[in-house]
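Peer 1: below is the sequence, then the predicted model.
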Amino acid sequence: MALAVLVQGTGAHPASWLMTETAADASTDIDYYTNCARLAEQGRFDLFFIADTPAARTENLKGWSRFPMFMNVLEPVTLLAAAAANTTHIGLGATASTSFYEPYNVARLFASLDHISHGRAAWNVVTSANDYAARNFGLDKLPPHDQRYERAYEFVQVVKALWDTWEDDAFIFDRNSGLNFDPAKLHALRHDGKYFRVHGALNMRRSPQGQPVIIQAGASETGKEFAAETAEVVFASDTTVAKGKKFYDDLKGRMAKYGRDSDQLKVLAGLPVVIGQTPQEAEDKYQALQHMIHPDVGRMRLSTDLEVDLTDLPVDEPVPQDRIPATSNFHHTYFAQIADMIRRGMTLREVYMNYERGLKTMRGTRTQVADHMEEWITGGAADGFMLLFHTMPGGLREFVRLVVPELQRRGLMRTVYEGKTLREHLGLHRPPNRHVAATAEKAQAAE
């Protein structure tokens, strides 16, 4: 199975920073992140991943001050460049938004990271899902969901074309002839599209992986279609094997029409994990964190993902169903989960105590956690997992010490890295340069 870890400062839980076992200032401590990356590499993980949004929250600061998500974080590609210098094998992935970057910036950033890491870079393609970011870039609010995906599609095509600026053997460094590169092996891009006009070339040789790995996480119909055509790793957020398998089969079943083999996309199920020596100990650890969620944080998290203000509501009464908006523009999956709980008559407190942004925490012993993961893999619901730990680095350390050996004993995880690049870890092909491939196809057709 493929394993990734999503690292968020003190941990994935909104109350993690209150735990004395965590370092409250971890989110801007590069030594903390590099130590976590080395720990994940020790556990033979495939991918060390950093999520991001290009904005601080500027409203409802009473709530955000108790749950400082993205309020004090490092820029992720810079962070991963430092992690690359302190690791040798683990993949390094980060989020960069197609709504606010330009394609050339993203192409250059991730190609640079791929060179710096000797072939371990991955780009998580997102369209962003909050208006705080929009207002940082001259907009009042995000464009509609489908329009953001339309822009994202064109954005990715431009980035991938820029990554193919140079053929693999373009730089010859021939001192005798005085030629640094072969001019015939540079292919300038001339793109005139609906959203982008790019006439030029990437000023960097083709990267070790050919192209960094493309990650995506959309669960809407538009998102799944986009992923089927362009993604190589998809983060999924279903809570049962049956639902996971349905998503898995649906997504991979769309790939053939784009001329893609289904094994060239890896579905990683989101999995928050809390480990205990006994099932009750794991449950107690989880509930202790849940009961530390302040009502201001509970209201604010639900308001954000339901896209409506709930901060005036009492926490121990059912949420009025007329508060549910007709449609969602941000996260369709999260919106639907909250709306379903409200329709079932749950109080606001019950909703925020049970809401995990599309996921469900696995609480149990190392054997139970391994059983759960094996069930998803053998049940055809995932190729691996995007792991989240409620407190860091303790949660990751426990997993590496307790669960990884159990998965290795069952033959479900590697014991050594057999390759050096992220593509090799995941079993993904190295994409040929499109210009070389096109020339070869023409030559074959002419024979």
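Peer 2: Now that the structure is in, tell me what you want to look at. Numbers count the residues shown, from 1 in each chain.
Peer 1: list the buried ones in stretch 222-241?
Peer 2: Of the residues in stretch 222-241, 222-238, 241 count as buried by neighbour count, 16 or more other CB atoms under 10 Å. Every C-beta, even on glycine, is put in place using the N, C-alpha and C of the backbone.
Peer 1: oh, that last question was meant for stretch 194-214, not what I typed.
Peer 2: Quick answer for stretch 194-214 (16+ other CB under 10 Å): 196, 198, 202, 204-214.
Peer 1: could those residues go into TSV alongside distance to residue 249 and pLDDT?
Peer 2: What follows is those, written out as TSV (distance: CB to CB, whole Å; pLDDT from 0 to 100):
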residue	distance to residue 249	pLDDT
196	34	98
198	37	98
202	37	98
204	39	97
205	39	98
206	35	98
207	33	98
208	33	98
209	28	98
210	29	98
211	27	98
212	27	98
213	22	98
214	21	98
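Peer 1: among these, which pair sits farthest apart?
Peer 2: 196 and 208 (26.2 Å; CB to CB).
Peer 1: burial of residue 363, as a residue count?
Peer 2: 23 (other CB atoms under 10 Å).
Peer 1: please tell me the pLDDT value assigned to it.
Peer 2: With respect to pLDDT, residue 363 has a value of 97.
Peer 1: where in this protein is pLDDT low?
Peer 2: For the chain, applying pLDDT under 70 flags the ranges 358.
Peer 1: any idea which residue of it is furthest from its center?
Peer 2: The centre of the chain is farthest from one residue, residue 176, which by CA atoms, centre = their mean lies 46.5 Å away.
Peer 1: secondary structure element for the closest residue to residue 37 other than its chain neighbours, which one?
Peer 2: In space, and not counting its chain neighbours, residue 37 is closest to residue 83: 4.3 Å by CB to CB, 6 or more residues apart in numbering. Applying DSSP states H and E as the criterion places residue 83 in helix 76-84.
Peer 1: then that helix to PDB, C-alphas only?
Peer 2: Extracted C-alpha coordinates of helix 76-84, given in PDB (Å, rounded to 0.1, in the frame of the first residue of the first chain):
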ATOM      1  CA  PRO A  76       5.000  25.000   1.500                       C
ATOM      2  CA  VAL A  77       7.400  24.700  -1.400                       C
ATOM      3  CA  THR A  78      10.000  26.600   0.500                       C
ATOM      4  CA  LEU A  79       9.400  24.300   3.500                       C
ATOM      5  CA  LEU A  80       9.700  21.200   1.300                       C
ATOM      6  CA  ALA A  81      13.000  22.400  -0.200                       C
ATOM      7  CA  ALA A  82      14.400  22.400   3.300                       C
ATOM      8  CA  ALA A  83      12.900  18.900   3.900                       C
ATOM      9  CA  ALA A  84      14.500  17.700   0.700                       C
END
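Peer 1: for it, which outside residues touch it?
Peer 2: Residues outside helix 76-84 that contact it (CB atoms under 8 Å, 6 or more residues apart in numbering): 30, 33-34, 37, 48, 50-52, 92-96, 109-110, 112-113, 116-117, 120-121.
Peer 1: what does stretch 56-64 give?
Peer 2: Residues outside stretch 56-64 that contact it (CB under 8 Å, 6+ apart): 70-71, 132, 135, 296-297, 299-300, 303, 311.
Peer 1: mark which of those residues are buried, thanks.
Peer 2: Neighbour-count burial (16+ other CB under 10 Å) is assigned, among the contacts of stretch 56-64, to 70, 132, 296-297, 299-300, 303.
Peer 1: domain boundaries for the protein, per the record?
Peer 2: For the chain, the structural domains run 2-282+360-435, 293-354, going by automatic domain parsing.
Peer 1: out of those domains, which gets nearest to residue 444?
Peer 2: Proximity to residue 444, assessed across the domains of the chain by CB to CB, is greatest for domain 2-282+360-435 (13.5 Å).
Peer 1: right, and the helix or strand after the helix or strand hosting residue 149?
Peer 2: Residue 149 belongs to helix 145-163 when assigned by DSSP H and E. Going down the chain from helix 145-163, the next helix or strand is strand 171-174, by DSSP H and E.
Peer 1: can you pull the buried residues of the helix or strand just after that following strand?
Peer 2: Next helix or strand after strand 171-174 toward the C-terminus (DSSP H and E): strand 179-181. For strand 179-181, the neighbour count (16+ other CB under 10 Å) marks residue 181 as buried.
Peer 1: check stretch 424-435 too.
Peer 2: Using 16+ other CB under 10 Å as the test for burial, stretch 424-435 gives 424-426, 428, 431, 433, 435.
Peer 1: you'd agree residue 235 is up against residue 270?
Peer 2: Yes. Residue 235 sits in contact with residue 270 when judged by CB atoms under 8 Å, with a separation of 6.1 Å.
Peer 1: shared neighbours, these two?
Peer 2: By CB under 8 Å, 6+ apart, the residues touching both residue 235 and residue 270 are residue 386.
Peer 1: quick check: end-to-end length of stretch 340-356?
Peer 2: Terminal residues of stretch 340-356 lie 13 Å apart, using CA to CA, to the nearest Å.
Peer 1: rewinding a little: write the PyMOL selection for whichever of the contacts of helix 76-84 are buried.
Peer 2: To isolate the buried subset of those in PyMOL, counting by 16+ other CB under 10 Å, use the following:
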select buried, resi 33+34+37+48+50+51+52+92+93+94+95+96+109+110+112+113+116+117+120+121
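Peer 1: can you flag which of the contacts of helix 76-84 belong to strands?
Peer 2: Secondary structure from DSSP state E places 48, 50, 92-96, 121 of the contacts of helix 76-84 in strands.
Peer 1: between the helix holding residue 83 and strand 91-97, how big is the angle?
Peer 2: Here helix 76-84 runs at an angle of 170 degrees relative to strand 91-97 (axes from the mean of the first three to the mean of the last three CA atoms, to 10 degrees).
Peer 1: list the buried residues of helix 76-84.
Peer 2: Neighbour-count burial for helix 76-84, counted by 16+ other CB under 10 Å, picks out 76-77, 79-84.
Peer 1: next: stretch 46-60.
Peer 2: Neighbour count says stretch 46-60 has 46-55, 57 buried, by 16+ other CB under 10 Å.
Peer 1: next: stretch 239-248.
Peer 2: Applying a neighbour-count criterion of 16+ other CB under 10 Å, one finds 241, 244-245, 247-248 buried in stretch 239-248.
Peer 1: and residue 63, what element?
Peer 2: Residue 63 belongs to helix 61-64 when assigned by DSSP H and E.
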